[in-house]
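Chemist: return atomic coordinates for the entry below.
(chains A, B, C and D)
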Number of protein chains: 2
Amino acid sequence: MDATLDTLEAPPASKDRLRLWIRLLRAARIVEGELRERLKTNFDTTLPRFDVMSALNRQPEGMLMSDLSRFLLVSNGNVTGIVDRLVSDGFVVRSNREGDRRTSIVRLTDAGAERFAAMAAAHEIWIAELLAEVSEGDARKLSSMLKAFRSNWESEH
Amino acid sequence: MDATLDTLEAPPASKDRLRLWIRLLRAARIVEGELRERLKTNFDTTLPRFDVMSALNRQPEGMLMSDLSRFLLVSNGNVTGIVDRLVSDGFVVRSNREGDRRTSIVRLTDAGAERFAAMAAAHEIWIAELLAEVSEGDARKLSSMLKAFRSNWESEH
DNA sequence: CCAGATTATTTCAACCTTGAAATTTTATGC
DNA sequence: GCATAAAATTTCAAGGTTGAAATAATCTGG
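Modeler: This is a model prediction of the structure:
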């Protein structure tokens, strides 16, 4: 009963976590908004398309649609639409996998790989600039904290 | 010239920031996805609606549409749609401001305030649970880092 | 006073996103 | 072998999101 009361009365510990979450979300939105605008201006593309191309770039042999959605933490139907648009842009191709007609393997075209290389270089510079005020030490500490958070999450789900 | 080369060759410093950003984004997506699902299941609502109600709850006298979009870091048009749906849910009202017929003041109804109180209590518990593995000290340090990031950003923009 | 600038908001098209249902193909138990 | 389950993907409706254009009201300099 004490525990229940403690929880309902919202002790400092939960307020701290709440404040952390709100600030983390705000920081993420600020950076995302900036990236969205720059990708649009400089490369006439969107953040979701960039994310998909980035995932595909790490797997030159290609990925299944379901690999993509799992990796990007978005739904299957979502990936379908984004890949459709990247295909009509000529940056991505779907190809059939031998022996399983349910699946299609998605990979970057040469044009896609080339375009991604240019975007990735700019993207890295933008991030360095936007996060410039985070000290080297803070960046590493925070980074390893967030890595632990994710590993922990994935091992539980 | 050295500086240019350094930047193009992506020295460790920019790689660290990039890694930090990617992990921060992933953590945010994990938590957001979980919150979205729980808000849907338990309160039949969405994260954007919750965000708007949360903003309005801090200003019982109401907010202008433009105050809302500025505070939430989203576009004007976006807020129009979300508020429309909250109005038809009966949780929010628009009222005219004396002396300026361009603006409308938006505030929670009694039903909205009551509903928000229930959601906020659950939300705080969920966040405490999801971020439980972040230590008290880390939470505070990270929190103040992110606060500094935001202040810095806002003073520059 | 009043034309033009500014401000607050809405509208709209295009895209992103989810979650559930539908489709198609492959695997499995009997 | 065949019915049924499982898997991979697409389709779809509802809602969220942006950025630009349209509306409408207020402010301002001359």
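Chemist: nearest spatial neighbour of residue A:71, skipping sequence neighbours?
Modeler: Closest residue to residue A:71 apart from its sequence neighbours, by C-beta to C-beta, 6 or more residues apart in numbering or on different chains: residue A:55 at 5.3 Å. Placement of C-beta: from N, CA and C, glycine included.
Chemist: residues touching the one you found, list them.
Modeler: Neighbour list for residue A:55: A:63, A:68, A:71-72 [criterion: C-beta atoms under 8 Å, 6 or more residues apart in numbering or on different chains].
Chemist: quick one: which of these has the most company?
Modeler: Highest neighbour count within the contacts of residue A:55: residue A:68, with 23 neighbours (other C-beta atoms under 10 Å in any protein chain shown).
Chemist: may I have the phi/psi pair for that residue?
Modeler: phi -60, psi -50 (degrees, to the nearest 10).
Chemist: does the residue nearest to residue A:71 count as helix, strand or coil?
Modeler: What DSSP: H, G, I helix; E, B strand; the rest coil gives for residue A:55 is helix.
Chemist: contacting residues for residue A:54?
Modeler: Applying C-beta under 8 Å, 6+ apart, we find residue A:54 in contact with A:116, A:120.
Chemist: tell me the confidence at it?
Modeler: pLDDT for residue A:54: 98.
Chemist: measure it to DNA strand D for me?
Modeler: For residue A:54, the distance to DNA strand D (C-beta to the nearest atom of the strand, to the nearest Å) stands at 18 Å.
Chemist: now stretch A:135-146, how far from the centre of its chain.
Modeler: Here stretch A:135-146 is found 18 Å from its chain centre; the criterion is C-alpha atoms, centre = their mean, to the nearest Å.
Chemist: got the contact list for it?
Modeler: For stretch A:135-146, contacts defined as C-beta under 8 Å, 6+ apart pick out A:131, A:134, B:13, B:16-17, B:19-20, B:23-24, B:26-27, B:134, B:138, B:142, B:145.
Chemist: buried subset of those?
Modeler: The neighbour count (16 or more other C-beta atoms under 10 Å in any protein chain shown) marks A:131, A:134, B:16-17, B:19-20, B:23-24, B:26-27, B:134, B:138, B:142, B:145 as buried among the contacts of stretch A:135-146.
Chemist: just the element for residue A:143, please.
Modeler: Per DSSP states H and E, residue A:143 falls inside helix A:136-156.
Chemist: equivalent analysis for residue A:95, please.
Modeler: Assigned by DSSP H and E, residue A:95 falls within strand A:92-97.
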